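Asker: With the sequence up front, the predicted model follows.
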Amino acid sequence: MTNKGSKKHTLRWVLLTLFFGGIIVLCFYTYFGGFKKVKPIDTKEFAMHAGYVSDITVPDSVRIIGLGEATHGNAEFQQLKLDVFKLMVEKYGVRAFALEGDYGSCETVNRYIHGGAGTAQEAAAAIGFPIYRTKEMADLIEWMRQYNTSAKEGEDLRFYGFDMQIYENNYKYLLEAAKTYAVPTAELEKLWDKTEEQVFSLLHCRPKSESDRKRTAGFAAVERLYNGAGGAFCGYTAPKYCFREGV
């Protein structure tokens, strides 16, 4: 086959590929709606299921209030979260805000709203996830800080996290608390001196080679810290609440 014939053959296959490929794409596009006219949202139907924040009521027996969101990082949902939280604080006596963030990272926020250094933006960024590095989250944090400046003793707002993916701040504050209560920290610091992957395996019990030995060593170190504190660790922001055996 000549050079010229080879080029024609290649061009023919390219054109056929593009042609049939276009047909396949068009079939998929048509199957999933294609060029049909999209029906607009029925705002009247939506209004039937909507309401004003001020009309929200919470039964006296409720102790935990969940604020869901259909998307992460959406500005409107975060604005609404602050509006609802304000109502919960002012009308229903809610005093704690918790979200899907690491305990140690959210402790950084908690310290900020109790007069700690930095800015609300820095506190929001400390949570560690991009979805919280927003103006709306910073607004919520700043409002909590301002509220606490005039709150009565025991009526201050607190900020908690209940995730455990980013553990650096967990270690930082655990070490700080242990030293404050004169608990030996050699075992804990020895664990932290391991490589990051080894530390993750110890703290989260990820199965690896010699996993049984590592799990035993990790739990034993934490147990020694716990026992060294007399079976009690008290949080800085709420010293009257202690985690004790049997409580």
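Answerer: Sure, I can see it.
Asker: so who does Q79 touch?
Answerer: Applying C-beta atoms under 8 Å, 6 or more residues apart in numbering, one finds that Q79 lies in contact with E136, D139. Just so you know, the C-beta spots here come from the backbone N, C-alpha and C atoms, and that holds for glycine as well.
Asker: can you give me the strands in this protein?
Answerer: Under the criterion DSSP state E, the chain carries strands at the ranges 96-102, 158-163, 232-234, 242-244.
Asker: ranking those strands by mean pLDDT, which is last?
Answerer: Per-segment mean pLDDT for those reaches its minimum on strand 242-244, at a mean of 34.
Asker: Got the domain ranges for the chain?
Answerer: According to automatic domain parsing, the chain is divided into the following domains: 73-163, 168-244.
Asker: mean pLDDT lowest for which of the ones you listed?
Answerer: Mean pLDDT, when computed for each of the domains of the chain, is lowest for domain 168-244, at a mean of 60.
Asker: Endpoints of stretch 56-70, how far apart?
Answerer: Stretch 56-70 has its terminal residues 19 Å apart, counting by C-alpha to C-alpha, to the nearest Å.
Asker: which residues of the protein fall in helices?
Answerer: Shown for the chain, the helices assigned by DSSP state H span residues 3-31, 43-48, 75-92, 103-113, 120-126, 135-149, 168-180, 186-192, 196-204, 211-228.
Asker: Please tabulate these in TSV, including the columns distance to G68.
Answerer: Compiled in TSV, the helices of the chain are given as follows (distance: least, C-beta to C-beta, whole Å):
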stretch	distance to G68
helix 3-31	32
helix 43-48	17
helix 75-92	9
helix 103-113	19
helix 120-126	20
helix 135-149	16
helix 168-180	26
helix 186-192	36
helix 196-204	27
helix 211-228	33
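Asker: can you tell which of these is closest to S61?
Answerer: The closest approach between S61 and any of those, judged by C-beta to C-beta, belongs to helix 75-92 at 11.7 Å.
Asker: For the closest one, buried residues please.
Answerer: Of all the residues in helix 75-92, those buried under the rule 16 or more other C-beta atoms under 10 Å are Q78, K81, L82, F85, K86, L87, M88, V89.
Asker: give me the number of residues near G116?
Answerer: Here the number of neighbours of G116 (other C-beta atoms under 10 Å) works out to 13.
Asker: Distance of it relative to K39?
Answerer: G116 is 51 Å from K39, where distance means C-beta to C-beta, to the nearest Å.
Asker: same thing with L191?
Answerer: Distance from L191 to K39, by C-beta to C-beta: 59 Å.
Asker: OK, contacts around the residue nearest to T71 when sequence neighbours are not counted?
Answerer: For T71, the nearest residue in space outside its immediate sequence neighbours is F77; the separation is 6.7 Å by C-beta to C-beta, 6 or more residues apart in numbering. Contact criterion C-beta under 8 Å, 6+ apart gives E69, A70, T71 as the residues in contact with F77.
Asker: now those as CSV including neighbour count, pLDDT and distance to L15?
Answerer: Written out in CSV, the entries for these read as follows (neighbours: other C-beta atoms under 10 Å; pLDDT from 0 to 100; distance: C-beta to C-beta, whole Å):
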residue, neighbour count, pLDDT, distance to L15
E69, 13, 81, 49
A70, 6, 80, 45
T71, 8, 79, 43
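Asker: nearest to A96, of those residues?
Answerer: Compare each of those with A96 using C-beta to C-beta and the shortest gap goes to E69, at 18.6 Å.
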